[in-house]
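> Only the shape, not the letters, is given here:
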Ligand code: SF4
């Protein structure tokens, strides 16, 4: 029996220091703390996110930010519209949403104030709000990512006991795309030794490719603090033969080793190519969905800055995916952030020959920026995309 505790939030719109190059968001918004879907690999039970006294209560006690819409209404008036991810921590369409409707009220406010939105969920309840998602997509940018990690009916009760079936989630992806709103699949996490076999990876990518605009690959499942304790309990009870293999794979670390992640990334990437699906979310303002407008007005100098900044972040994403090293493209992140926050046009900086004075910009990145400003495209990015460019569903 779930217990709901209504709480008053002081603030709900959390700004990140850097734009995320997986989800493209600047803001996080979580209407609920705790999650009724109770996935056994969930990392939201780590101390970093947890508000419960005992992590065992994470799926039994749901804290409901009852005043979230009123607080948001005030906050959106004070900041520049930018991509909001709902939710960065817990599922915004868990059953609590049927009772409280906070996610819908939040979407109404974001639509009214023209904020772009990225929804992440495991529930087809998101279909209830397609009218609002369409409105947001028409105004600015909207994408919806449904998580699917397997279709294996024997394993799902252990991993995601209370979430809607992957078939229902995939049907939701199809319906959202058909409504003209970009939707894809988040294949995260690829659970070691249970879901990391080529058969499962191929099945998820193959079935997703028929309905989704993109598939995000999350090969490095974390195991931190409470998350690790709970997951090892699951293994000891149900998959005892895997305990030693996990101990060997993770050791004292929170993530699997780089070579393991790299192997899975390569395997998944091959299937993405085979089934002609992007392994990244097309960012706002760079490669727009045909029915979506630019994130910001074309006449503004911000448009150039945003295009260059997101393009650099996309390059970082592709480099990081290929190397399985989240720090391998740090200069691109730094440069991107600096360009997005410039108080003048990147074109003016280029004309003055001062690109290298921007933090993070060295010769390579300066060449990318120059290419984009002069030719409207970057050879280096094209090179990164070349392996999949022939198969991308780019309009
Ligand atoms: S749906 Fe997401 S937040 Fe909810 S329990 Fe599963 S992994 Fe955690």
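Sure, I can see it. The structure displayed is predicted, hence computed values, not measured ones.
> now the helices for the stretch 201-350 of the chain?
Residue ranges of the helices in the stretch 201-350 of the chain, as given by DSSP state H, counting those that start in this stretch, are 225-238, 243-250, 258-274, 302-323, 330-340, 346-351.
> Run the angle between the helix or strand just after the last one and helix 302-323 for me.
Sequence-wise, the next helix or strand downstream of helix 346-351 (DSSP states H and E) is helix 363-375. Direction vectors for helix 363-375 and helix 302-323, defined by axes from the mean of the first three to the mean of the last three Cα atoms, to 10 degrees, enclose an angle of 130 degrees.
> Just put the helices of the stretch 201-350 of the chain in JSON lines and tack on distance to residue 26 and mean neighbour count.
Heads up, the C-betas are built off the backbone N, CA and C, glycines and all. Shown next, in JSON lines, are those (distance: least, Cβ to Cβ, whole Å; neighbours: other Cβ atoms under 10 Å):
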{"stretch": "helix 225-238", "distance to residue 26": "26", "mean neighbour count": "16"}
{"stretch": "helix 243-250", "distance to residue 26": "32", "mean neighbour count": "14"}
{"stretch": "helix 258-274", "distance to residue 26": "26", "mean neighbour count": "18"}
{"stretch": "helix 302-323", "distance to residue 26": "11", "mean neighbour count": "22"}
{"stretch": "helix 330-340", "distance to residue 26": "9", "mean neighbour count": "21"}
{"stretch": "helix 346-351", "distance to residue 26": "19", "mean neighbour count": "17"}
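> which stretch in those has the least confidence?
Of all the helices of the stretch 201-350 of the chain, the minimum mean pLDDT falls on helix 302-323 (a mean of 90).
> Packing partners of that helix?
helix 258-274, helix 330-340, helix 346-351, helix 363-375, helix 379-389 (3 or more Cβ pairs under 8 Å, 6 or more residues apart in numbering; DSSP states H and E).
> And the contacts of the first one?
This points to helix 258-274. For helix 258-274, the surrounding residues in contact (Cβ atoms under 8 Å, 6 or more residues apart in numbering) are 187, 190, 192, 196, 198, 201-202, 205-206, 209, 215, 217, 219-220, 249, 255, 278-279, 321-325, 387-388, 391.
> what do you get for the shortest one?
With contacts defined as Cβ under 8 Å, 6+ apart, helix 346-351 is touched by 301, 304-305, 308, 339, 342, 355, 357-358, 369-370, 373.
> now swap in the fourth one and tell me
Contact partners of helix 363-375, identified using Cβ under 8 Å, 6+ apart, comprise 304, 307-308, 311-312, 315, 331-332, 335, 339, 346-347, 350, 355-356, 361, 377-381.
> If you drop the residues flanking it in sequence, what lies closest to residue 115?
Using Cβ to Cβ, 6 or more residues apart in numbering and skipping residues adjacent in sequence, the residue nearest residue 115 is residue 81, 4.5 Å away.
> Many thanks, we can stop here.
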